[in-house]
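Colleague: Build the 3D model from these lines:
(one chain, ligands or ions: 1)
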Amino acid sequence: MADDGMLLNFEIGDAPLVSQVKFKGGRWRDRVKANKSAKVASQGGPDPAAKPRAPYDPHRPAKRPRANEDGGDHRPAKLPRTNDIPWVPTHAMKTGLVSSSLFTSIPNVVTKFDEGEPAEPAEPAKPSNAPLGEEAENFHTLGLSRRVAQHLATKLEMKAPTSIQKNTISQLINDDSDAFLQAETGSGKTLAYLLPIVHRIMKLSTNEDGTPKKDAKVHRNSGLFAIILAPTRELCKQIAVVLEKVLRCAPWLVCTTVIGGESKHSEKARIRKGVNILVATPGRLTDHLDNTKVLDVGTVRWLVLDEGDRMMEMGFEDDIKTIVGKIRADKLATKNSEGLVLDGVLPKRRVTVLCSATMKMNVQKLGEISLEDAVHITASKSDMEKDAAENSGSTESAFTAPAQLKQSSIIVPAKLRLVTLIALLKATFARKGSVMKAIIFISCADSVDFHYEILKDTAVIEPPSPPPSEEDGTPAKKADIHIETTVAPAAYITSPANTKVMLHRLHGSLAQPVRSATLKSFSECKDPAVLITTDISSRGLDVPAVDLVIEYDPAFAAPDHVHRIGRTARAGRSGKAVLFLLPGSEEGYTSILPSSSTITPQLYESVLQKGLATNVNLPASSQTDDADTESNKRETWTTRAEALQLHFEQRLLAPAPGSEDAEEGPKSGHHKSKFSKTGGKSHKQQQQVKKDNPLLDAGRQAFRSHIRAYATHVREERVYFDMTQLHLGHMAKAFGLREAPGGIGSGISRRTHKFTPAGNGQKGAAGGGGGGAKASSGGSGKSKFDEDEFGQVDEDAARRMKAKMRMLSMNSASEFNLG
Ligand SMILES: Nc1ncnc2c1ncn2[C@@H]1O[C@H](COP(=O)(O)OP(=O)(O)OP(=O)(O)O)[C@@H](O)[C@H]1O
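Modeller: Numbering: from 1, shown residues only. Now for the predicted structure:
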């Protein structure tokens with residue numbers, strides 16, 4: 001059986017390596033080697049003059065100890081000991097395996113930490129996006145009819161408006177000016193613009209008290225009164241769901257979506273049946289305006305542009321210009337086709353409402369395209385906040401995270417990232433009910449896929465059985481089929497209190513039905529749940545029970561960070577956000593983040609200590625019989641971290657399913673993959689002997705895409721995310737790899753300033769080579785960067801984006817893999 005390339009390391013306990021350590025005992029060659037390694041480690045890394053290592057090849061047999069080579073002495077070489085530090089064998093070593101050197105050559109941490117626990121603020125911050133007190137405000141006093149106010153209170157459990165709702169509802173009911181809405185995440189902007197629109201349309205057919213008028217009948221064919229544009233299908237669907245809930249108090253009114261993902265024919269059919277409020281993506285609406293004759297915009301009084309900055313970033317400028325132009329060009333009808341007088345009740349002019357959390361340049365441009373003499377509506381601020389905003393002279397000051405959101409950063413060396421993530425999640429789900437839902441943001445789709453695969457319980461790794469037929473009487477539910485590959489129980493992070501934690505993965509490369517079903521599953525999951533995702537989920541996603549957001553990879557631009565962490569602490573609820581940073585230049589990143597509260601730094605050690613205070617629950621298929629032996633109980637968090645890392649590395653090195661080695665069973669004896677339970681060898685299987693474990697392929701691909709994504713941080717922030725500082729060998733460990741794989745390539749393009757998924761970057765080049773060295777500049781190659789990280793756009797828009805990307809930079813197009 002081939003050796004699997006394991007490295008021989010020497011465990012010296014928790015103490016740092018110092019150059020004075022002298023290894024004694026054992027054979028002299030091993031002693032010389034050990035002393036040399038200790039010297040190199042104490043000097044902070046390998047000798048640059050040393051001969052470079054050959055590229056990693058999992059099939060290359062590792063060098064065996066000479067005792068075995070010469071055929072003489074087949075006893076394993078004696079492990080060297082030190083007199084200075086007592087040698088404690090790790091679990092891995094005891095089982096004949098090799099420990100993974102996790103705690104050596106760790107870069108210096110810049111942040112100064114106070115001794116002891118970080119001081120908790122005396123009083124938790126007052127929520128800044130919560131509904132106002134009922135006694136102060138209610139929806140009826142703002143001008144909404146009793147019927148709507150009552151419906152909100154009884155059916156939607158919303159008794160009082162939030163600050164932005166208070167300021168927007170009365171404005172849009174009493175005034176026909178255009179409006180620019182700007183408020184922090186989770187402050188209820190959706191209802192802020194929907195409620196006055198629904199209220200005024202309802203007034204066409206209701207009396208002051210909300211009872212239906214006898215003479216004026218409004219129904220789905222009475223005209224299209226409002227169009228709401230949002231950048232992604234997910235957001236459109238979410239807005240439509242909220243709108244449908246509101247419209248239950250006026251069931252004679254109808255809303256629908258035109259967002260692509262289904263045939264234009266069926267969208268046309270719905271428009272033909274009649275619709276009063278339309279929710280659409282810009283590309284799809286442009287298409288219908290060109291080709292769907294029954295779409296009459298003569299009666300349209302409101303055009304809402306939700307997530308305006310995002311629509312601009314996604315290249316919808318031309319579509320929006322077309323839409324605004326076509327609606328304005330159509331003469332405003334004062335009566336509908338049935339002679340119902342619209343003026344007086346509905347606005348006398350066409351009103352455009354632009355919503356954006358930020359006031360970036362592109363939003364100002366969008367304002368120029370779409371708004372005329374607009375009123376700027378923000379949430380009421382405390383006097384102190386107003387003063388601060390005025391003094392800073394910044395319009396961006398409105399865009400901070402909710403005040404009650406507790407933010408922290410964890411400074412983690414690259415090679416400890418994976419085990420620290422597991423420790424954090426394990427501690428998070430240690431107590432029942434404390435955290436129900438967590439979102440982990442990762443930079444690219446490949447990395448999302450890898451982390452999902454590595455974290456899920458391998459007991460469910462078998463290919464899904466085909467759905468039972470109707471004849472069985474138990475047809476599989478459609479939604480279940482869609483989530484077979486994106487939802488699974490997690491291993492490692494469960495606890496006796498939470499024996500089931502459901503893992504979800506979501507990114508733009510998944511088919512639309514899969515994405516919708518996965519999001520639904522995460523939202524409705526009754527068990528604790530984790531969503532591993534790209535920035536596709538950073539905008540607008542509203543899952544109220546999200547208690548924790550982990551930015552495992554920092555956002556590509558600071559505003560994206562605020563959107564990501566804004567998925568928790570919504571509508572006055574509490575929430576936590578944790579940001580992973582590498583020691584060194586990344587530590588300075590927190591100084592530029594817009595924050596309404598301090599970001600408390602922590603060191604990885606405290607997270608590991610807490611999370612790995614007890615044994616980790618390995619996947620069902622990897623459980624060992626000696627899981628709770630006395631010696632295991634004596635393990636420390638460092639040995640647990642090492643054993644866990646080793647376990648991951650072995651999972652990646654396990655033979656591929658159907659390969660020759662798999663027939664013989666796993667080499668380690670530690671990980672009993674279900675893959676090994678194959679039957680007799682077929683011809684095809686014999687051909688697969690050399691095939692890599694799919695998890696190894698996934699790890700390598702994820703690593704490559706991660707490194708490429710790292711190079712796409714916006715130019716202004718690259719001082720914190722410096723490719724040349726990245727230690728690829730250490731980062732490889734975070735992907736369960738023993739060395740950085742080659743093939744990162746050259747010519748890595750950074751995101752462009754003008755047109756990028758997140759929108760703010762500048763073109764540039766940096767990159768990395770393979771091997772264990774730091775990243776070097778210059779590189780190219782194809783990455784499976786999330787091809788649609790910002791949400792599913794309709795096909796036409798995607799085509800235009802691809803063309804635009806190609807025009808802007810022939811080199812960078814492939815990086816985003818839009819094809
Ligand atoms: N008046 C209210 N009372 C209680 N909950 C509310 C109220 N208004 C809105 N919410 C809830 O607040 C949450 C956030 O609302 P919404 O998605 O509209 O926020 P947003 O400002 O658009 O956030 P983002 O900028 O992140 O998209 C939703 O779950 C919504 O149901």
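Colleague: would you list every one of the helices in the stretch 601-750 of the chain?
Modeller: Using DSSP state H, counting those that start in this stretch, the helices of the stretch 601-750 of the chain run over residues 604-611, 630-633, 637-653, 660-664, 683-687, 694-710, 728-733.
Colleague: For the residue in the stretch 351-500 of the chain that the ligand sits nearest to, grab the count of nearby residues.
Modeller: Per C-beta to the nearest ligand atom, residue 357 is where the stretch 351-500 of the chain lies closest to the ligand, at 5.2 Å. The way it works is simple: take the backbone N, C-alpha and C, and place the C-beta from them, glycine included. For residue 357, the neighbour count with other C-beta atoms under 10 Å is 27.
Colleague: wait, is it part of a strand?
Modeller: No. Assigned with DSSP: H, G, I helix; E, B strand; the rest coil, residue 357 falls outside any strand and is coil.
Colleague: what about the nearest residue to it once chain neighbours are set aside, how many neighbours?
Modeller: Leaving aside its chain neighbours, residue 357 sits nearest to residue 399 (5.3 Å; criterion: C-beta to C-beta, 6 or more residues apart in numbering). Here the count is done by other C-beta under 10 Å, and residue 399 has 23 residues near it.
Colleague: isn't residue 399 right up against residue 562?
Modeller: Yes. Using C-beta atoms under 8 Å, residue 399 is in contact with residue 562, at 6.0 Å.
Colleague: Now the common contact residues for these two.
Modeller: Common contact partners of residue 399 and residue 562 (C-beta atoms under 8 Å, 6 or more residues apart in numbering): 357, 594.
Colleague: that older thread, now the helices of the stretch 601-750 of the chain as CSV including distance to the ligand?
Modeller: Shown next, in CSV, are these (distance: least, C-beta to the nearest ligand atom, whole Å):
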stretch, distance to the ligand
helix 604-611, 27
helix 630-633, 44
helix 637-653, 34
helix 660-664, 47
helix 683-687, 50
helix 694-710, 23
helix 728-733, 31
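Colleague: mind giving me TSV with those and columns for mean neighbour count and mean pLDDT?
Modeller: Below are the helices of the stretch 601-750 of the chain laid out as TSV (neighbours: other C-beta atoms under 10 Å; pLDDT from 0 to 100):
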stretch	mean neighbour count	mean pLDDT
helix 604-611	21	94
helix 630-633	10	57
helix 637-653	23	92
helix 660-664	18	53
helix 683-687	11	47
helix 694-710	24	94
helix 728-733	24	94
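Colleague: Surely residue 578 is within a strand?
Modeller: Yes. With three-state DSSP as the criterion, residue 578 is part of a strand.
Colleague: what's the distance between the residue nearest to it when sequence neighbours are not counted and residue 538?
Modeller: Closest residue to residue 578 apart from its sequence neighbours, by C-beta to C-beta, 6+ apart: residue 550 at 5.0 Å. Residue 550 sits 13 Å away from residue 538, going by C-beta to C-beta, to the nearest Å.
Colleague: just checking, residue 723 touches residue 709?
Modeller: No. Residue 723 is not in contact with residue 709 according to C-beta under 8 Å; the separation is 11.0 Å.
Colleague: and the stretch 401-550 of the chain, which of its residues are near the ligand?
Modeller: The stretch 401-550 of the chain has residues 540, 542, 544 near the ligand, with proximity defined as C-beta under 6 Å from any ligand atom.
Colleague: From those, keep the buried residues only.
Modeller: 540, 542 (16 or more other C-beta atoms under 10 Å).
Colleague: Among the residues of the stretch 401-550 of the chain next to the ligand, show me the least confident.
Modeller: Within these, residue 544 has the lowest pLDDT, namely 82.
Colleague: who's in contact with that residue?
Modeller: 570, 571, 573.
Colleague: If we ignore the residues flanking it in sequence, what's nearest the first one?
Modeller: Spelled out, it's residue 570. residue 186 (3.0 Å).
Colleague: From residue 154, how far out is that neighbour?
Modeller: From residue 186 over to residue 154 (counting by C-beta to C-beta), the distance is 23 Å.
Colleague: Which of the helices and strands in this structure ranks last by mean pLDDT?
Modeller: Within the chain, no helix or strand scores below helix 810-813, which has a mean of 27 by mean pLDDT, DSSP states H and E.
Colleague: Tally up the residues packed near residue 141, please.
Modeller: 13.
Colleague: Once you drop chain neighbours, what's closest to residue 430?
Modeller: Using C-beta to C-beta, 6+ apart, the closest residue to residue 430 is residue 495 (4.7 Å).
Colleague: Work out for me the element the closest residue to residue 701 other than its chain neighbours sits within.
Modeller: Excluding its sequence neighbours, the residue lying closest to residue 701 (C-beta to C-beta, 6+ apart) is residue 446, at 4.8 Å. Using DSSP states H and E, residue 446 maps to helix 445-455.
Colleague: Out of the helices of the stretch 601-750 of the chain, which gets nearest to residue 344?
Modeller: helix 694-710 (54.4 Å; C-beta to C-beta).
Colleague: tell me which strands and helices that closest one is in contact with?
Modeller: helix 445-455, helix 637-653, helix 728-733 (3 or more C-beta pairs under 8 Å, 6 or more residues apart in numbering; DSSP states H and E).
Colleague: On the three-state scheme, the residue nearest to residue 570 is what?
Modeller: Assignment for residue 186 (three-state DSSP): coil.
Colleague: From residue 130, how far off is it?
Modeller: Distance from residue 186 to residue 130, by C-beta to C-beta: 9 Å.
Colleague: what sits in contact with each of the two?
Modeller: What both residue 186 and residue 130 touch, as defined by C-beta under 8 Å, 6+ apart, is the set residue 571.
Colleague: Residues contacting whichever strand or helix holds residue 325, please?
Modeller: Using DSSP H and E, residue 325 falls within helix 317-329. With C-beta under 8 Å, 6+ apart as the test, helix 317-329 has contacts from 227, 229, 282-283, 285-286, 289, 297, 300, 303, 305, 311, 350, 352, 365-366, 369-370, 797, 800.
Colleague: Now with 7 Å, please.
Modeller: 282-283, 285-286, 289, 297, 300, 303, 305, 311, 350, 366, 369-370 (C-beta atoms under 7 Å, 6 or more residues apart in numbering).
Colleague: ok, now stretch 141-148?
Modeller: Contacts of stretch 141-148 (C-beta under 7 Å, 6+ apart): 139-140, 161, 166, 169-170, 173-174, 195, 198-199, 202, 206, 209-210, 249.
Colleague: now, among these, which is nearest to the ligand?
Modeller: residue 161 (5.0 Å).
Colleague: where does the closest one land on pLDDT?
Modeller: So residue 161 comes in at 95 (pLDDT).
Colleague: and if you look at the one 3 residues further on?
Modeller: Per-residue confidence for residue 164 comes out at a pLDDT of 93.
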